[in-house]
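Colleague: build the 3D model from these lines:
(chains A, B and C)
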Amino acid sequence: KNISTLISKDAIIWLIVSSLKGISQVILIENAVSGFFILTAITIASYSLGVIALFSVIIGTLIGKIGGADNTSVSQGLFGYNSLLTGMALFLFLSGDDRWLIAIIGAAITAFFTAAMIHFMRKTGIPILTFPYIILTWFLLLTTYRLTTFKISPELKPQSLSNWTLDIKGETNWLDGAVNGIGQVFFLDNNISGILLFIALFWAGWKIGLYALIGNFSALLTSYGLGGEYNLIFMGLYGYNAILTIIAVSLVFNENHKTGLLFGTLAACITVPITASVVTWLLPYGLPPLTMPFVFCTWLFLGARKVLPSF
Amino acid sequence: KNISTLISKDAIIWLIVSSLKGISQVILIENAVSGFFILTAITIASYSLGVIALFSVIIGTLIGKIGGADNTSVSQGLFGYNSLLTGMALFLFLSGDDRWLIAIIGAAITAFFTAAMIHFMRKTGIPILTFPYIILTWFLLLTTYRLTTFKISPELKPQSLSNWTLDIKGETNWLDGAVNGIGQVFFLDNNISGILLFIALFWAGWKIGLYALIGNFSALLTSYGLGGEYNLIFMGLYGYNAILTIIAVSLVFNENHKTGLLFGTLAACITVPITASVVTWLLPYGLPPLTMPFVFCTWLFLGARKVLPSF
Amino acid sequence: KNISTLISKDAIIWLIVSSLKGISQVILIENAVSGFFILTAITIASYSLGVIALFSVIIGTLIGKIGGADNTSVSQGLFGYNSLLTGMALFLFLSGDDRWLIAIIGAAITAFFTAAMIHFMRKTGIPILTFPYIILTWFLLLTTYRLTTFKISPELKPQSLSNWTLDIKGETNWLDGAVNGIGQVFFLDNNISGILLFIALFWAGWKIGLYALIGNFSALLTSYGLGGEYNLIFMGLYGYNAILTIIAVSLVFNENHKTGLLFGTLAACITVPITASVVTWLLPYGLPPLTMPFVFCTWLFLGARKVLPSF
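Modeller: Prediction:
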């Protein structure tokens, strides 16, 4: 709690390890080596994105530490992962040279929001997941319509639902689809990064890696079967929420191991219509769905299990 | 909790009775005979709708039972009514031959959502009402804009609020209005079904039937007085939320009998502007208000009573 | 609890004092003299607005009293301020001769909603602030699109975000900006009223007045720096939420005095992008942001402090 103690060698090592764990918490694991692989995957895709990611997670972790949050939580990286994602999302979805500053400030605000959500959800016994990052990123992207310093990326165009027509045509590429899902968790659509991310998952545990593959595959089949847009499917945009959801429901927050895989797979499949729905709901604002489908589906299944203990 | 015990004769009777009670829970009562009258009213209006309704309520009840939920709640039908409504709504508001399958799957997901909401609202001491059905139906209707398998009924058209003009002209038909309100709870606008539904209400208790009439009449007068669209008023679209609200506020969740009728009638009147508001809010998405005005007004009054005990 | 006791002389004095305190609660203080200054400021700007404000706050206070709410809360004016704001907002944003009646009824419903929110948020230990007023006012303004009795002011025009273009040009007037921020809390843009409102703040405590100036100044600089619309900035539309936020975060709900000013100023600055965002979010509905940015930012910081006790 004393700032001077933070500058010792031990403190720096603690900060690095906790921040790397924070990076790995995005995919719901607590493993510094996996965090390092993920950071490498991001940096390979874009050097500046890697720098922003590292700074963002460090800021979140520091705010948790200096703010006097529960030490175990901070060390597990639980104050870093939302900040990391906000920093990366703002850097990617804003344009202009000073967006890095906005990304870093956004990452800092996210750490406060993370703390607030931990307070508001404490009594429910349900984890906050990536909710703070999603809401704050949406809010900060919307400011671009009123504040000239913030400039939104031209690919995020608001559109009235009454003018929308669906065209699902496009190429099918199942191999890309298999790798891209995990990449999209970190906004990456680069194959090498995708493979590094899978290494990060398998390093944390073979079950995590395997379940991620099952979740992604379930979402690919479901979205293909329900007639989603091929471009989106094979870019992994229907898969990343499913991967996170199956890891959360089947493994990380599963106290009853018997039906874990069954319900996680079910939850992964349900992220597909929920993603379609969230995207439609956001269309008039031109906002991306981020990981909201994962948050909704995971809350739904974790909450349901508290009342349906046999599942 | 053992599946084999469910297949005995006793178990089947239990399932039928609990499901019929589940049907009656839509209008906040627990009475298998009333449930049977309601199922008849639905089946008279549309044979296939009756089948979907029955399957949906059975699935919800089974998920509650097999999931190991509190036995009393499951037997009272509390895991069935949201599933029933989702199944019916999806069957009616989607088009295409395979919508029955989507309706049944939607009913099953609703049972999990019901369980989750019971968990999230437990500490408040306020009932979840039809919230899970409303949210899930809205979500699944929105998927039609992104997944070709789901096709929305052409009558649900999104429209920008800036292009909207109000024209309230139309025929006034007070008799239809008197009967249609209760029918719209189950999406029916058929007079015989309306009368059967009133029989279901009076069977459960003369007070419930009488209060339903008072609630519907209050809403008719309020919506007429505030200048609502005549077509909507006399099709019962301003009345069904008022009926549910007065039953909830005056009778079912009323521990203090003295002012029950007064506050229930007040709450019923307030559903009218809230309905107008919810419809406007949903216009850009082309979604129907379902029973959201009932949920909002009932939560408002039940919550208020916890802090204002003299009312 | 007995109505006859309310008509004694003591009861009338109690009602007036509690209602004046209710007026002062809008700016988070409990001081009848400040309330009187505020009422004067409103009445100077518009005689009829002053009458509506007084009636609204009295109705809210009476509902709290007659409903049997906790006596201390009612005496502190906690059942009055949301009603006051709803009454004023509806009177200003609706048009037509009978809007005063709608304003008064809206004020009454707000008192019930206030009670309900107190119940729903009790376990969080976080105050409800002006949330009930905001939500109910938005709902009642939206009814105008469906009920002919309610007519919305022509200045509230819904607009698709896809048709929106930002033009920030306009005159800069820092003196007006300094005074208008506080006025906009009560929808006033009149300089004399602004000065009276500052008197009300300083009367309650020099620190409250000083912090309000700091909060307003922070928001002026932030909104100017981030490139907001000059018209809005110098009319005080970026300042009023910042004033309320700094008072809430730094003083009223601050148990840890050391970092109060720092975090309050930070929160005040963050209201600026949040205001830009809320305005954008509401654009398709043509609704004003009211004090929602204040509520969001204050909840964020008060919630965060529960988990980050060193801040």
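Colleague: shaky segments in chain A?
Modeller: Within chain A, the stretches with pLDDT under 70 are A:1-6, A:257.
Colleague: spell out which residues of it are next to chain B.
Modeller: A:123-124, A:126, A:160-162, A:164, A:166, A:168, A:223, A:225-229, A:270, A:272-274, A:276-277, A:279-281, A:283-284, A:299-311 (CB under 8 Å from any CB of the partner chain). Just so you know, the C-beta spots here come from the backbone N, C-alpha and C atoms, and that holds for glycine as well.
Colleague: show me the contacts for the residue of the stretch 51-200 of chain A found nearest chain B.
Modeller: Proximity of the stretch 51-200 of chain A to chain B (CB to the nearest CB) peaks at A:Leu161, 4.0 Å away. Contacts for A:Leu161 (CB atoms under 8 Å, 6 or more residues apart in numbering or on different chains) come out as A:Thr280, A:Leu283, A:Pro284, B:Tyr145, B:Pro158, B:Pro284, B:Tyr285, B:Gly286.
Colleague: swap in A:Val26?
Modeller: Contacts of A:Val26 by CB under 8 Å, 6+ apart are A:Ile38, A:Tyr81, A:Leu84, A:Leu85, A:Thr130, A:Val185, A:Phe186.
Colleague: quick one: the fifth one from A:Trp299, how far?
Modeller: Taking CB to CB, to the nearest Å as the criterion, A:Thr130 is separated from A:Trp299 by 11 Å.
Colleague: same question for the second one.
Modeller: Here the distance between A:Tyr81 and A:Trp299 works out to 17 Å (CB to CB).
Colleague: more neighbours: these two, which one.
Modeller: A:Tyr81 (30 against 22; other CB atoms under 10 Å in any protein chain shown).
Colleague: could you report the neighbour count for the closest residue to the more buried one other than its chain neighbours?
Modeller: Excluding its sequence neighbours, the residue lying closest to A:Tyr81 (CB to CB, 6 or more residues apart in numbering or on different chains) is A:Gln25, at 3.8 Å. The tally of other residues near A:Gln25 (other CB under 10 Å) stands at 23.
Colleague: quickly find the element holding the residue nearest to A:Thr124 when sequence neighbours are not counted.
Modeller: Spatial nearest neighbour of A:Thr124, excluding adjacent residues (CB to CB, 6+ apart): B:Phe120 at 6.0 Å. Using DSSP states H and E, B:Phe120 falls within helix B:99-121.
Colleague: residues of that helix that come out buried?
Modeller: Buried residues in helix B:99-121, counted by 16 or more other CB atoms under 10 Å in any protein chain shown: B:99-100, B:102-121.
Colleague: show me where chain A has helices.
Modeller: For chain A, the helices defined by DSSP state H occupy A:9-25, A:32-45, A:47-66, A:71-75, A:81-93, A:99-121, A:131-142, A:174-184, A:191-204, A:206-225, A:230-234, A:240-246, A:260-282, A:292-307.
Colleague: could you identify which of these is most buried?
Modeller: Highest mean neighbour count of the helices of chain A: helix A:240-246, a mean of 32 (counted as mean count of other CB atoms under 10 Å in any protein chain shown).
Colleague: any idea how far that helix is from the chain center?
Modeller: 9 Å (CA atoms, centre = their mean, to the nearest Å).
Colleague: neighbouring contacts of it?
Modeller: Identification of contacts with helix A:240-246 by CB under 8 Å, 6+ apart yields A:27-28, A:181-185, A:211-212, A:214-216, A:218-219, A:264-265, A:267-269, A:271-272, A:274-275, A:289, A:291, A:293-294, A:297-298, A:301.
Colleague: ditto for stretch A:110-120
Modeller: Taking CB under 8 Å, 6+ apart as the rule, stretch A:110-120 contacts A:59-60, A:63-64, A:67, A:69, A:73, A:78-79, A:82-83, A:85-87, A:128, A:131-133, A:135-136, C:124, C:126, C:299-308.
Colleague: please list all residues in contact with the nearest residue to A:Ile23 once chain neighbours are set aside.
Modeller: Counting by CB to CB, 6+ apart, A:Ile23 lies nearest to A:Gly35, which is 3.7 Å off, once chain neighbours are set aside. When contacts are counted by CB under 8 Å, 6+ apart, A:Gly35 touches A:Ser19, A:Leu20, A:Lys21, A:Gly22, A:Ile23, A:Ser24, A:Gly77, A:Ala200.
Colleague: what about A:Trp164, how many residues nearby?
Modeller: 13.
Colleague: can you tell me how far it is from chain C?
Modeller: The gap separating A:Trp164 from chain C is 11 Å, by CB to the nearest CB, to the nearest Å.
Colleague: go on, A:Tyr211?
Modeller: Note on A:Tyr211: its distance to chain C, by CB to the nearest CB, is 30 Å.
Colleague: now swap in A:Phe79 and tell me
Modeller: A:Phe79 sits 9 Å away from chain C when distances are taken as CB to the nearest CB.
Colleague: do the same with A:Ile128
Modeller: Counting by CB to the nearest CB - A:Ile128 and chain C are separated by 11 Å.
Colleague: name the nearest residue to that residue, sequence neighbours excluded.
Modeller: A:Met117 (4.3 Å).
Colleague: returning to what we had before: turn the contacts of A:Leu161 into TSV, including distance to chain C.
Modeller: What follows is the contacts of A:Leu161, written out as TSV (distance: CB to the nearest CB, whole Å):
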residue	distance to chain C
A:Thr280	14
A:Leu283	10
A:Pro284	6
B:Tyr145	16
B:Pro158	11
B:Pro284	6
B:Tyr285	10
B:Gly286	14
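Colleague: chain C contacts on the stretch 1-150 of chain A?
Modeller: Counting by CB under 8 Å from any CB, the residues of the stretch 1-150 of chain A near chain C are A:1, A:63-64, A:66-70, A:109, A:112-113, A:115-120, A:123, A:139-140, A:142-143, A:145-150.
Colleague: show me what contacts A:Pro127?
Modeller: So A:Pro127 contacts A:Met121, A:Ala248, A:Phe253, A:Leu302 (CB under 8 Å, 6+ apart).
Colleague: quick one on the thing from earlier: and C:Ala53, which of the helices of chain A is closest to it?
Modeller: helix A:131-142 (31.4 Å; CB to CB).
Colleague: and that closest one with helix C:292-307, angle?
Modeller: Here the directions of helix A:131-142 and helix C:292-307 differ by 150 degrees (axes from the mean of the first three to the mean of the last three CA atoms, to 10 degrees).
Colleague: contact partners of stretch A:220-228?
Modeller: With contact meaning CB under 8 Å, 6+ apart, stretch A:220-228 is reached by A:168, A:172, A:174, A:177-178, A:181, A:232-233, A:238-239, A:269, A:272-273, A:276, B:143, B:146-150.
Colleague: if you set the cut-off to 7 Å instead, what comes out?
Modeller: Residues from elsewhere that reach stretch A:220-228 (CB atoms under 7 Å, 6 or more residues apart in numbering or on different chains): A:168, A:177, A:233, A:238-239, A:269, A:272-273, A:276, B:146-149.
Colleague: and which of these is nearest to chain C?
Modeller: For the contacts of stretch A:220-228, the nearest to chain C is B:Arg146 (18.4 Å; CB to the nearest CB).
Colleague: quick check on that closest one: phi, psi?
Modeller: Here is the backbone geometry of B:Arg146 (degrees, to the nearest 10): phi -130, psi -20.
Colleague: which non-adjacent residue is nearest it?
Modeller: In space, B:Arg146 is closest to A:Ala276, 3.6 Å off (CB to CB, 6+ apart).
Colleague: got the domain boundaries for chain A?
Modeller: Chain A breaks down by automatic domain parsing into domains covering A:3-152, A:161-307.
Colleague: can you put those domains in CSV and add distance to B:Ile192?
Modeller: Compiled in CSV, the domains of chain A are given as follows (distance: least, CB to CB, whole Å):
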stretch, distance to B:Ile192
domain A:3-152, 45
domain A:161-307, 36
